[in-house]
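>>> 3D model of this:
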Amino acid sequence: MRNYSNCLKKKLASFTKEDIIISKHAMIRITQRQIDIEEIKENIINPKRLEYAIKQSSDKEVEEKYDCYFDYSKNLCHRYVIVIENNIIVVTAIKINRKWQNIISKKVNQ
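Coordinates of the predicted model:
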């Protein structure tokens, strides 16, 4: 699998925080995992922390789906699954508190 982070960074540049929609499922997970919504929106709009973006299959032709990993440190990252159509929908958000690079290397090298 290929890392689409550079391609995705360019796409995200055309959106604003107002274009980001948090799904019901994501709101539940964000609350459970104690992740700040503003931090999620900032990471998406200003994706300087985006290290990996893995493109996933999508139900509709007009939308693109990505599994995104935002790097904070060796032992902390945020993982968001987002769908891009006319706006950005955050499907889920996960806070990973362990060495996350191994997870990525397994996915990318499949």
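>>> any weak-confidence spans in the protein?
100, 107-110 (pLDDT under 70).
>>> Show me where it has its helices.
Taking DSSP state H, the helices of the chain run over residues 5-12, 24-32, 37-45, 101-108.
>>> Could you dump those helices into CSV with mean neighbour count and distance to residue 84 added?
Yep, even glycine has a C-beta here, placed from its N, CA and C like the rest. Putting those into CSV (neighbours: other CB atoms under 10 Å; distance: least, CB to CB, whole Å) gives the following:
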stretch, mean neighbour count, distance to residue 84
helix 5-12, 15, 6
helix 24-32, 14, 15
helix 37-45, 17, 10
helix 101-108, 13, 20
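>>> mind checking which of those helices is nearest residue 66?
Counting by CB to CB, residue 66 lies closest to helix 5-12 out of the helices of the chain; the figure is 5.8 Å.
>>> returning to that earlier point: need the helices of the chain in JSON lines (columns: distance to residue 73).
Output for these, formatted as JSON lines (distance: least, CB to CB, whole Å):
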{"stretch": "helix 5-12", "distance to residue 73": "18"}
{"stretch": "helix 24-32", "distance to residue 73": "20"}
{"stretch": "helix 37-45", "distance to residue 73": "14"}
{"stretch": "helix 101-108", "distance to residue 73": "11"}
